[in-house]
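Q: Sequence and predicted structure, then a few things I'm wondering about:
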Amino acid sequence: MSGKIVLVTGGARSGKSSFAEKYVAALGVPVAYIATAETLDAEMEARVALHRDRRPSSWQTYEAPRAAHEVLAAAAAAGAILFDCLTVYVANLLLDQSAPASPEERHSHIAGEIAKLAAAASAADATVVFVTNEVGAGIVPDNALAREYRDLAGLANQQLAAVADEVYLVVSGIPVNIKQLATTV
């Protein structure tokens with residue numbers, strides 16, 4: 001049996017994580033939560049605490065700043081997996097000390113890691129909900145690293161959206177199933 005993949009995207013503070021949390025909770029099955037953020041400063045600690053405080057204590061939390069496909073496979077015993085968030089994961093991969101030196105090699109490496117993540121989600125006998133950010137809707141960043149990150153995040157979103165059964169865009173707390181509305185060419 002294969003898993004169901006759901007991608008939830010939106011801007012900062014759009015309500016995407018809250019929607020994703022409600023989505024998996026409504027399934028009525030055990031939930032595994034895969035957290036990708038590293039708490040490297042007080043501001044990030046506060047953000048992580050906000051997410052942690054909203055989650056039911058019955059949800060099992062896994063930390064996966066890297067090698068998330070392996071963690072996802074380990075969490076697959078749960079009926080639902082909430083992965084929050086893909087764009088933080090892409091940043092972790094981009095900034096990792098072991099990341100390839102050239103932008104072309106980093107692109108290939110990160111695309112490969114996202115492919116592994118998608119394969120692990122497809123193989124899971126669970127509903128896997130990925131939360132991600134729409135980072136390309138604003139101005140073009142003024143530095144090469146920020147532009148590379150924006151591009152990689154957008155491409156990772158496209159990779160997962162292509163294999164997702166459902167894709168939701170959350171705007172001002174309102175989710176819209178955009179895959180259902182999509183036109184195929």
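A: Received the coordinates, thanks.
Q: Pull out the buried positions in the worst-scoring helix or strand of the chain on mean pLDDT.
A: Each helix and strand of the chain was given a mean pLDDT (mean pLDDT, DSSP states H and E); the minimum falls on helix 42-54 at a mean of 81. Buried residues in helix 42-54, counted by 16 or more other CB atoms under 10 Å: H51. (C-beta placed from N, C-alpha, C; glycine too.)
Q: which other residues reach it?
A: Taking contacts as CB atoms under 8 Å, 6 or more residues apart in numbering, the residues outside helix 42-54 that touch it are 17-18, 21, 35, 37-39, 61, 84.
Q: Point out the least confident member of those, please.
A: Across the contacts of helix 42-54, the smallest pLDDT goes to T39, namely 81.
Q: That residue belongs to a helix?
A: No. T39 is assigned coil when assessed by DSSP: H, G, I helix; E, B strand; the rest coil, not a helix.
Q: so how far is A37 from the closest residue to it other than its chain neighbours?
A: Leaving aside its chain neighbours, T39 sits nearest to E45 (4.5 Å; criterion: CB to CB, 6 or more residues apart in numbering). E45 sits 9 Å away from A37, going by CB to CB, to the nearest Å.
Q: ok, now L117?
A: 16 Å.
Q: quick one: P175 is in a strand?
A: Yes. Using three-state DSSP, the secondary structure at P175 is a strand.
Q: got a list of what it touches?
A: Taking CB under 8 Å, 6+ apart, one finds 8, 15-16, 19, 168-169 in contact with P175.
Q: Need the residues you listed in JSON lines (columns: pLDDT and distance to R106).
A: Converted to JSON lines, the contacts of P175 look like this (pLDDT from 0 to 100; distance: CB to CB, whole Å):
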{"residue": "V8", "pLDDT": "98", "distance to R106": "26"}
{"residue": "G15", "pLDDT": "95", "distance to R106": "31"}
{"residue": "K16", "pLDDT": "96", "distance to R106": "26"}
{"residue": "F19", "pLDDT": "97", "distance to R106": "31"}
{"residue": "Y168", "pLDDT": "98", "distance to R106": "29"}
{"residue": "L169", "pLDDT": "97", "distance to R106": "27"}
